[in-house]
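# Here is my input, please return the structure:
(one chain, ligands or ions: 1)
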Amino acid sequence: MSDQHNNQGVVVVTEEVCQAIMGRSDAFTAVENVFAAMSKNTAYNFPVIREAIGHADALYGFKSGFDRDSMVLGLKSGGYWPGNVEKGLTNHQSTVILFDPDTGKLKSLVGGNYLTAVRTAASSAVSIAHLARQDSKVLGMIGAGHQSTFQLRAAVEQRNFEKVVGWNIDPERLSILAEVCAELSLPFESVSREELCALSDVIITITSAFEALLDNAWIKPGTHIACMGTDTKGKQEVDAKLFRTATVFTDELAQSITIGEAQHAIQSGLIVESDIVPIGEVINGTNSGRTSEDEITLFDGTGVGLQDLAVASVAAELAQAKGQAFYINL
Ligand code: NAD
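Next up is the predicted model:
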């Protein structure tokens, strides 16, 4: 039930409730729909604000937007507090605030920490669903941080993967991926970066690296690679030359060329903006996506505010439908 016409007040959905009710398939559908709306220009993201606040080494900001197709308006506010781990908290903190687009009235407050991981995993999963070869058998994971297990779980649902290979700068952390694979009855192997590229049909990069971890020459024909870690100026995960070798897709062009993985290929003149295809065009059928078995496809997943709003809106609806929402009056 939408809260638009009820009198119960502002809908509050806690982190715990988000974890209990928000499934991967709900997130996948919400993110796929919003990417499609973005490429039709019926949904758009507003400029992102992100500032070092000069306290607690924190980076704080907000991402906002409006999706006219699903009538979702709002923002995700939060950021990165590096000292939080010592306090027993997640370093990334965020909350989604949704408004009624007809009146501007506050509709919902939704915990954004769990949803951020779920919507980011849904983004690479959407790219795999639309761009990876149907016969993909080996998934390669670069990175073993907080996001990586969410990425892994969502990715393996998109193709009949038979094996997962992984690399992390600190190999001990790969145990978190190995545990998920054991749970899913998938063999897991720790490999070198070059071996990972030779073995994998689909690769996900989800690190905080500031230099290329994968060489253009290592990526074999037919690979789909989802670059998910680069969401800030200066970060980099793959060789910029790969942007010339691959057919390049993104969630949002404006972010891809400024804070996404494509920033380096753009800066060095290897590609121009028009070489990058919004994945929404593939979802809408206005771009054919992968056109051959040998083609390398690259998805630059930068993470847009509309993804957060889309999953938060679904979480608010599910929480109300399942009687797990709280209500407050302001
Ligand atoms: P995390 O801190 O939990 O993990 C970071 C990972 O990067 C670890 O595997 C770590 O070993 C690795 N790493 C750190 N420095 C490295 C280096 N110099 N070279 C190689 N590997 C290195 O972070 P997380 O929450 O898992 O997020 C991973 C990345 O994804 C971050 O850069 C984050 O900003 C980004 N992110 C992107 C989106 C999006 O929508 N695209 C959403 C959330 C997070």
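
# Please enumerate residues in contact with stretch 164-184?
Stretch 164-184 is contacted from outside by 138-145, 148-149, 152-153, 156, 186-193, 195-196, 199-200, 207, 209, 213, using Cβ atoms under 8 Å, 6 or more residues apart in numbering. All C-beta atoms are positioned from the backbone trio N, CA, C, and that covers glycine.

# Which of these are buried? Put it as a PyMOL command.
Provided next is the PyMOL selection string for whichever of those are buried by 16 or more other Cβ atoms under 10 Å:
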select buried, resi 138+139+140+141+142+143+144+148+149+152+153+156+186+188+190+191+193+196+199+200+207+209+213
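
# next SSE after the helix or strand where Gln151 lies?
Per DSSP states H and E, Gln151 falls inside helix 148-155. For helix 148-155, the following helix or strand on the C-terminal side (DSSP H and E) is strand 163-167.

# any idea of the angle that following strand forms with helix 148-155?
Calculated by axes from the mean of the first three to the mean of the last three Cα atoms, to 10 degrees, strand 163-167 forms an angle of 150 degrees with helix 148-155.

# What helices and strands are in contact with the helix holding Gln151?
Applying 3 or more Cβ pairs under 8 Å, 6 or more residues apart in numbering; DSSP states H and E, we find helix 148-155 packed against helix 24-39, helix 113-131, strand 138-142, helix 175-183, strand 202-205.

# Tell me what angle that helix forms with helix 113-131.
Helix 148-155 and helix 113-131 are oriented at 40 degrees to each other (the same axes, to 10 degrees).

# and the closest residue to the ligand within the stretch 201-330 of the chain, how many residues sit next to it?
The ligand sits closest to Gly303 of the stretch 201-330 of the chain, with a gap of 2.1 Å, by Cβ to the nearest ligand atom. Gly303 has 21 neighbouring residues, counting by other Cβ atoms under 10 Å.

# Which residues are in contact with it?
Contacts for Gly303 were tallied using Cβ under 8 Å, 6+ apart; they are Arg119, Thr120, Ser123, Met228, Asp231, Asp251, Gln255.

# Which single one of the residues you listed is nearest to Ala310?
Arg119 (7.3 Å; Cβ to Cβ).

# residues in contact with the closest one?
Applying Cβ under 8 Å, 6+ apart, we find Arg119 in contact with Ala27, Ala30, Val31, Gly303, Gln307, Asp308, Ala310, Val311.

# Dump the residues you listed to a markdown table, plus pLDDT.
Formatted as a markdown table, the contacts of Arg119 follow (pLDDT from 0 to 100):
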| residue | pLDDT |
| --- | --- |
| Ala27 | 98 |
| Ala30 | 98 |
| Val31 | 98 |
| Gly303 | 96 |
| Gln307 | 98 |
| Asp308 | 98 |
| Ala310 | 98 |
| Val311 | 98 |
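
# wait, Leu196 sits on Ile142?
Yes. With contacts counted by Cβ atoms under 8 Å, Leu196 reaches Ile142, the gap being 6.9 Å.

# Give me the common contacts of these two.
Here Leu196 and Ile142 have Gly166, Trp167, Ile203 as joint contacts, going by Cβ under 8 Å, 6+ apart.

# Could you dump the residues you listed into JSON lines and include neighbour count and distance to the ligand?
JSON lines is the format used below for the shared contacts of Leu196 and Ile142 (neighbours: other Cβ atoms under 10 Å; distance: Cβ to the nearest ligand atom, whole Å):
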{"residue": "Gly166", "neighbour count": "27", "distance to the ligand": "10"}
{"residue": "Trp167", "neighbour count": "25", "distance to the ligand": "9"}
{"residue": "Ile203", "neighbour count": "29", "distance to the ligand": "14"}
